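A.B. asks: Sequence and predicted structure below; questions after.
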Amino acid sequence: MSTLDLELHDYRRWKHENVGKRFSLFDYVYGVLRTKEISADLLVGVADLLRPDFVVEQGSVFLRSEFDNAVVGQLRSQAGRPQDVELWANMFCVDGIFHQLKDSSKAAVEFLAVRIRDSWAAKLRLDFPERTFEVSVYRDNDVGDVCVSFYEQHG
């Protein structure tokens, strides 16, 4: 899916207001950032979400920004297999960040989840070329969760 497949209502409005001019999605982002009070911290956070840093702890790979030694210890005592520990410790639910956004849609949630998955997979290949990871989008249709996570494949 590309951004052209999404119903981007606000972007479409901005594009309509700039008829006759080349007005890309990047121009839209630039315009919004110049006209709204958005913290630079948000941009840094989004950049880190899309291209995260990782930490290796006892041979397992985790998202650095989400890593919590106590949580990982608890998962290790419950889950056992390193793959299961990594899967649950690295789980990020995308739908939660769309909860209060106007004009959010299932398509937008899916689009972002796939982009996060692809970005994480590329960064993992770059940082750990000797390892193989499974990076996936997980959907719980009963409650509407759309999450992304990864674990290292062994054997």
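C.D. replies: Cool, the structure landed. Numbering: from 1, shown residues only.

A.B. asks: okay, now the domains of the chain?
C.D. replies: 1-38, 52-152 (automatic domain parsing).

A.B. asks: Adding mean neighbour count and distance to residue 44, write these out as a markdown table.
C.D. replies: (Each C-beta comes from the backbone N, C-alpha and C, glycine too.) Rendered in a markdown table, the data for the domains of the chain read as follows (neighbours: other Cβ atoms under 10 Å; distance: least, Cβ to Cβ, whole Å):
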| stretch | mean neighbour count | distance to residue 44 |
| --- | --- | --- |
| domain 1-38 | 11 | 11 |
| domain 52-152 | 15 | 11 |
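
A.B. asks: Identify whichever of these lies nearest to residue 45.
C.D. replies: domain 52-152 (8.5 Å; Cβ to Cβ).

A.B. asks: end to end, how far does the closest one reach?
C.D. replies: For domain 52-152, the first and last residues are 16 Å from each other (Cα to Cα, to the nearest Å).

A.B. asks: picking up where we left off before, confidence-wise, which of the domains of the chain is weakest overall?
C.D. replies: Lowest mean pLDDT within the domains of the chain: domain 1-38, at a mean of 77.

A.B. asks: now that one: how far from the chain's centre is it?
C.D. replies: 21 Å (Cα atoms, centre = their mean, to the nearest Å).
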